[in-house]
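In: with the input below, show me the fold.
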Amino acid sequence: MNDDQFIAPRFLVALVLSIVCLAAPVWADFKAGEEAYRRGDYATALHEWQPPAEQGHADAQYHLGLLYANGQGVPKDDVQAWQWYEKAAVQGHAEAQANLGILYDYGRGVQQDFKVAVYWLRLSAKQGNDSAQRRLGFMYERGAGVQQDYVQAYMWYNLGTANGAKPGDLRRDALAKRMTPEQIAEALQLVREWRPIKK
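Out: I've put the predicted structure just below:
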């Protein structure tokens, strides 16, 4: 075996080790931020999450969005919340996608756009995010960003109540009073066939 045959494996080992060494501090910063957040020390959480967020860590980006959206440790700033949520959302972060959809729905930090709201809510809902599922049901019920469709609304409300969320139950049951038995049966069939998409 010549020296060239050893170069490729050595390079791969060095590459993997360097990635692991660089990722460990990012993960440690994120965990330290989580612990600070649980204690209510939002300034420290912000300090710990900022570097990994800037390096592309989706969970850190999402959590920075929460801090800005709620004004925790920073002045409330929906534009900053939107920017951080969007960075995490494009990476497939379901909670960031749901929150981004809500910002577009209400026009907080961004121009109100129901179609864009539905886009982000649908991505999150398809991953099984119950909050996004209930919100998407509401978009279908009122015909905001999508054609009004009670069957779809009922389906998403029903999926969004799987973990016992009462608001979805109440909206679904109120909507059922305006639906035919055939529409309800169709919605329930869609619920039975539905499978989450894992990112």
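In: thought Met155 was touching Ala185?
Out: No - using C-beta atoms under 8 Å, Met155 makes no contact with Ala185, being 11.5 Å away. No exception for glycine: its C-beta is placed from N, CA and C like everyone else's.
In: so Ile184 is in which element?
Out: helix 181-193 (DSSP states H and E).
In: just the residues contacting that helix, thanks.
Out: Tyr150, Val151, Gln152, Tyr154, Met155, Asn158, Leu159, Ala176, Met179 (C-beta atoms under 8 Å, 6 or more residues apart in numbering).
In: same thing but at 10 Å, please
Out: Identification of contacts with helix 181-193 by C-beta atoms under 10 Å, 6 or more residues apart in numbering yields 149-159, 162, 172, 175-176, 179-180.
In: can you give me the distance of the closest residue in space to Asn99 that isn't next to it in sequence to Pro51?
Out: Closest residue in space to Asn99, ignoring its immediate chain neighbours: Tyr85 at 5.1 Å, by C-beta to C-beta, 6 or more residues apart in numbering. The gap separating Tyr85 from Pro51 is 18 Å, by C-beta to C-beta, to the nearest Å.
In: of the two, who's got more company?
Out: Using other C-beta atoms under 10 Å as the criterion, Tyr85 and Pro51 rank with Tyr85 on top: 31 against 15.
In: residues touching that one, list them.
Out: Contacts here follow C-beta under 10 Å, 6+ apart; on that basis Tyr85 touches 61-62, 64-66, 68-69, 78, 93, 95-103, 109-110, 120.
In: and those residues, which are buried?
Out: Using 16 or more other C-beta atoms under 10 Å as the burial test, the contacts of Tyr85 include 61-62, 64-66, 68-69, 78, 93, 95-103, 109-110, 120 as buried.
In: in three-state terms, label the residue nearest to Asn99 for me.
Out: Reduced to three states with DSSP: H, G, I helix; E, B strand; the rest coil, the structure at Tyr85 is helix.
In: buried sites along the helix holding Ile184?
Out: Residues of helix 181-193 classed as buried: Gln183, Ile184, Glu186, Ala187, Leu190 (neighbour count, 16+ other C-beta under 10 Å).
In: repeat that for stretch 156-166.
Out: Trp156, Tyr157, Asn158, Leu159, Gly160, Thr161.
In: same deal with stretch 35-46?
Out: Within stretch 35-46, the residues scored as buried using 16+ other C-beta under 10 Å are Ala36, Tyr37, Asp41, Tyr42, Thr44, Ala45, Leu46.
In: output that stretch as PDB, nothing but the C-alphas.
Out: The C-alpha trace of stretch 35-46 is given here as PDB (Å, rounded to 0.1, in the frame of the first residue of the first chain):
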ATOM      1  CA  GLU A  35     -30.500  26.400  31.800                       C
ATOM      2  CA  ALA A  36     -30.400  30.200  32.100                       C
ATOM      3  CA  TYR A  37     -33.800  30.500  30.300                       C
ATOM      4  CA  ARG A  38     -35.400  28.100  32.800                       C
ATOM      5  CA  ARG A  39     -34.000  30.200  35.700                       C
ATOM      6  CA  GLY A  40     -35.500  33.300  34.100                       C
ATOM      7  CA  ASP A  41     -32.000  34.700  33.400                       C
ATOM      8  CA  TYR A  42     -32.900  35.900  29.900                       C
ATOM      9  CA  ALA A  43     -29.800  38.100  29.500                       C
ATOM     10  CA  THR A  44     -27.500  35.100  30.000                       C
ATOM     11  CA  ALA A  45     -29.700  33.000  27.700                       C
ATOM     12  CA  LEU A  46     -29.300  35.600  25.000                       C
END
